[in-house]
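Novice: Got a predicted structure plus its sequence, pasted below:
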Amino acid sequence: MAAADGHRRTRRAARALLPAMLLVLILASLLVGSGEVTVRSILAGGEGLDLVLISRLPRTLAALLAGASMAVAGTILQMLARNRFVEPAMAGTAESAALGLIVATLLLPDASILAKMTASSAAALIGTAAFLWIVNRLPPTQPLLVPLVGIIFGGILMSIATFIAYETDLLQFLSVWLNGEFSGVMQGRYELLWLSGLLALAAYAIADQFTIVGLGRDASISLGLNYRQVLFAGLAIVALITAFTTTTIGMLPFVGLVVPNIVSRFLGDNVRATLPAVAFTGAGFVLACDLVGRLLRYPYEIPAGTVFGVIGTIVFLWLLFSPSPRGAGRHA
């Protein structure tokens, strides 16, 4: 009884604290940058308001959308793979999206961004499906094999993309796609990320089905769930979110790994109950890393993906070696 009461108090505190912290980060993001902006200058209009509307607000929204959607994508992928130590950047999804972009740029150099994004999404879908096919053939008693295989699989795909980029003088473009950063985000150059937000909402609509899929294929079918249909829907959501994010701002490593595990440790594994907290936490973490990147070498910037990569590595090691009351690898 005491444990249940503590769990409920934790949920209530998280629901109150996360939105408040996010509002503080949003205000800081609108005011921090190489150009001086104050609340008074925004209210007065003029250059301060223009700077916020053209650059600061789109950048803030892009960080929020990318962080929230990638965290949701990580949660879904962990349920599909039944392993807490995987995410799009460790399952070949992001690398497949980058490879698709390289191929589309070579074969269709004059194609629209939508056409290139379609090719990237298709490649991400194929890569994620291949990863899950490999995972289903791994020993279920060795959950740590899954992220190791994902890293190897992603490394092979990235080596292919790097070789193609080197041979065709596209290494600079590839480096842009590999580094998740928001300095180039402006009005008219981030709006595709709203589609990622819509996909995250779609994931919430069928969140209960993803929870059942996390029990395994046999359990899902015995409960009357169309396992293949839900699996394909989850694959499509993960692939599209990853492709949209990679195309717009580059890769954001560890977001889909760290955030779902942190939320799961405090709030449990029910996807419908935890998905809003996952989205809020992912948005807040990415926005905070973007702010840190702006301030560490002010007025120069460090990419948010680099900052989160350092933090994510530390947290990932903590997740590997620290005991968890809920067992982070029990889905394997």
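Specialist: Thanks, I have it. Numbering: from 1, shown residues only.

Novice: Does the residue lying closest to Val72 once chain neighbours are set aside lie in a helix or a strand, and which?
Specialist: Distance criterion Cβ to Cβ, 6 or more residues apart in numbering; nearest residue to Val72, sequence neighbours excluded, is Ala200 at 4.3 Å. Any C-beta I mention is one placed from the backbone N, CA and C, and that applies to glycine too. Ala200 belongs to helix 193-205 when assigned by DSSP states H and E.

Novice: State the distance from the residue nearest to Val72 to Ser222.
Specialist: 29 Å (Cβ to Cβ, to the nearest Å).

Novice: ok, now Arg82?
Specialist: 16 Å.

Novice: Quick one: neighbours of Gly74, just the number.
Specialist: Gly74 has 31 neighbours, counted by other Cβ atoms under 10 Å.

Novice: for the stretch 1-150 of the chain, what spans make up the helices?
Specialist: 2-31, 39-44, 47-51, 57-81, 93-107, 113-135, 145-167 (DSSP state H, counting those that start in this stretch).

Novice: What is the fourth one packed up against?
Specialist: Read it as helix 57-81. Secondary-structure packing of helix 57-81 (3 or more Cβ pairs under 8 Å, 6 or more residues apart in numbering; DSSP states H and E): helix 2-31, helix 113-135, helix 193-205, helix 207-213, helix 227-248, helix 255-267, helix 271-296.

Novice: go with 6 Å
Specialist: In terms of contacts (3 or more Cβ pairs under 6 Å, 6 or more residues apart in numbering; DSSP states H and E), helix 57-81 is packed against helix 193-205, helix 207-213, helix 227-248, helix 255-267, helix 271-296.

Novice: Identify each buried residue in the third one, please.
Specialist: Looking back up the chat, that one is helix 227-248. Across helix 227-248, burial judged by 16 or more other Cβ atoms under 10 Å covers 227, 230-231, 233-248.

Novice: got CSV for the helices and strands packed on helix 57-81, with mean pLDDT and distance to Gly150 too?
Specialist: Output for those, formatted as CSV (pLDDT from 0 to 100; distance: least, Cβ to Cβ, whole Å):
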stretch, mean pLDDT, distance to Gly150
helix 193-205, 91, 20
helix 207-213, 87, 18
helix 227-248, 86, 13
helix 255-267, 87, 10
helix 271-296, 90, 19
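
Novice: what about Arg82 and Ser222, which has more around it?
Specialist: Arg82 (22 against 11).

Novice: And the helices and strands packed on helix 57-81: which comes nearest Met21?
Specialist: With Cβ to Cβ, the closest approach to Met21 among these belongs to helix 271-296: 5.9 Å.

Novice: Can you check what angle separates the closest one from helix 255-267?
Specialist: Counting by axes from the mean of the first three to the mean of the last three Cα atoms, to 10 degrees, helix 271-296 lies at 120 degrees to helix 255-267.

Novice: ok, and for helix 271-296, which residues are buried?
Specialist: 271, 274-291, 293-294.

Novice: ok, the closest residue to Leu31 other than its chain neighbours - contacts?
Specialist: Once flanking residues are discounted, Leu31 sits nearest to Val37: 5.5 Å by Cβ to Cβ, 6+ apart. Neighbouring residues of Val37 by Cβ atoms under 6 Å, 6 or more residues apart in numbering: 31, 48, 51.

Novice: Much appreciated, bye for now.
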